[in-house]
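> One predicted model, sequence on top.
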Amino acid sequence: MRQAGRFMKEYRDVRAKIGFLELCKRADLACEVTVTAVEKLGVDAAIIFADLLLPLEPMGVGLRYERGDGPIIERPVRSPADIERLRPVAPEVDLDYVFAAVKLARAALRPDLPLIGFAGAPFTLASYLVEGGASRNFEKTKSMMYRQPAAWRRLMAVLCDVTARYLNSQIAAGAAAVQLFDSWVGCLSQADYRDFVLPHTQQLVSAIEPGTPVIHFGTGTAHLLELMRDAGGDVIGLDWRVGLAEAWARLGSQVAVQGNLDPVVLFAEPPEIRRRADLILQEAAGRPGHIFNLGHGVLPETPFDHVKYLVEAVHELGRRLYA
């Protein structure tokens, strides 16, 4: 789950010299932190260093990143007029630095190690645009859905188009698979997901280059898993709030699953980390189609040695299970 992060000294050293957005736009440095994380951790795939909100910056909404506060949208989108004022985005030009980083990382990685691209899902991008940043209750986002459904559909259509082209350009640059992060969609009821999200995500997934595996992930989405499967994706990401075996039984064998160790387990002692990892592998029961992963991103204060220990433990336990 986006391995290159604040828990790694190498990443912190780079960030001490450069702002976050500038780092994203420096293809050489984005490649460096991607490849360094993979090499030091020994994971089985790389995920390109970028940020979910990069496609929003060229829209002219005033995206900035504040230490401690996360991303801020200076000019939120809350009306049809606001949507029409969004600048058209040409990902191939406006986000070319991401594709340059993908190409550099692909060249630097072992040929047999897959590189994963990613993007924010339309609902999560829309929620940032409407709220103006992170939110706990998503009052403004839901108000737009309920009170201005036509404007909501228009905004989602714009985001679907941009995101599809963005992901396809990552694939053309060398990404072997892509992950769609719907980080905030768990705030919705099943009915709201069905009405306001599912058709748009279906449209997006159907526009991704055929034959490219798509991982579809959200947090707090135990109640939405079947709907997320119907929205699209070859792999459904699971957070730690749902049992892997139970979730896979609900989803059916036609999809793979990814997950789902609680990231806080990495603060435990190594024997407990190993035990928890083994429990998840036992739930997968050796069936094809399980990608072992965390149920969300690595937390900033996580001991690096514990992350590396987890990778080694999963490799060892997995070899026994799948022998």
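Okay, I see it. Numbering: from 1, shown residues only.
> list the buried ones in the helix ranked longest in the chain?
Scanning the chain for the longest helix, with DSSP state H as the assignment, gives helix 149-173. Of all the residues in helix 149-173, those buried under the rule 16 or more other C-beta atoms under 10 Å are 151-152, 155-156, 158-171, 173. Where C-beta positions appear, they are placed from N, C-alpha and C, glycine not excepted.
> all helices of the stretch 201-323 of the chain, in order?
225-231, 244-251, 270-284, 304-322 (DSSP state H, counting those that start in this stretch).
> Run the chain-centre distance for the third one.
The chain centroid and the centroid of helix 270-284 are separated by 23 Å under C-alpha atoms, centre = their mean, to the nearest Å.
> can you list the residues that contact it?
243-245, 248, 257, 259-262, 265-266, 268, 290, 292, 306, 309-310, 313-314, 317-318, 321 (C-beta atoms under 8 Å, 6 or more residues apart in numbering).
> go again using 10 Å as the cut-off
238, 240, 243-248, 257, 259-262, 265-268, 290-293, 295, 303, 305-307, 309-314, 316-318, 320-322 (C-beta atoms under 10 Å, 6 or more residues apart in numbering).
> what do you get for stretch 105-116?
In contact with stretch 105-116 (C-beta under 10 Å, 6+ apart) are residues 2, 27, 30-36, 38-39, 43-49, 102-103, 170, 173-179, 213, 215.
> Can you name every helix or strand that the following helix or strand past the longest helix of the chain contacts?
Using DSSP states H and E, the helix or strand that follows helix 149-173 in sequence is strand 177-182. With contacts taken as 3 or more C-beta pairs under 10 Å, 6 or more residues apart in numbering; DSSP states H and E, strand 177-182 sits against strand 46-47, strand 115-120, helix 122-131, helix 149-173, helix 198-206, strand 214-218, helix 225-231, strand 235-237.
> Reformat these as a markdown table; add distance to E10 and mean pLDDT.
As requested, the helices and strands packed on strand 177-182 are arranged in a markdown table below (distance: least, C-beta to C-beta, whole Å; pLDDT from 0 to 100):
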| stretch | distance to E10 | mean pLDDT |
| --- | --- | --- |
| strand 46-47 | 15 | 96 |
| strand 115-120 | 19 | 98 |
| helix 122-131 | 28 | 98 |
| helix 149-173 | 23 | 98 |
| helix 198-206 | 34 | 98 |
| strand 214-218 | 25 | 97 |
| helix 225-231 | 34 | 98 |
| strand 235-237 | 26 | 98 |
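> Any chance of the ones you listed in a markdown table with distance to R276 as columns?
Formatted as a markdown table, the helices and strands packed on strand 177-182 follow (distance: least, C-beta to C-beta, whole Å):
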| stretch | distance to R276 |
| --- | --- |
| strand 46-47 | 22 |
| strand 115-120 | 24 |
| helix 122-131 | 28 |
| helix 149-173 | 32 |
| helix 198-206 | 31 |
| strand 214-218 | 20 |
| helix 225-231 | 21 |
| strand 235-237 | 18 |
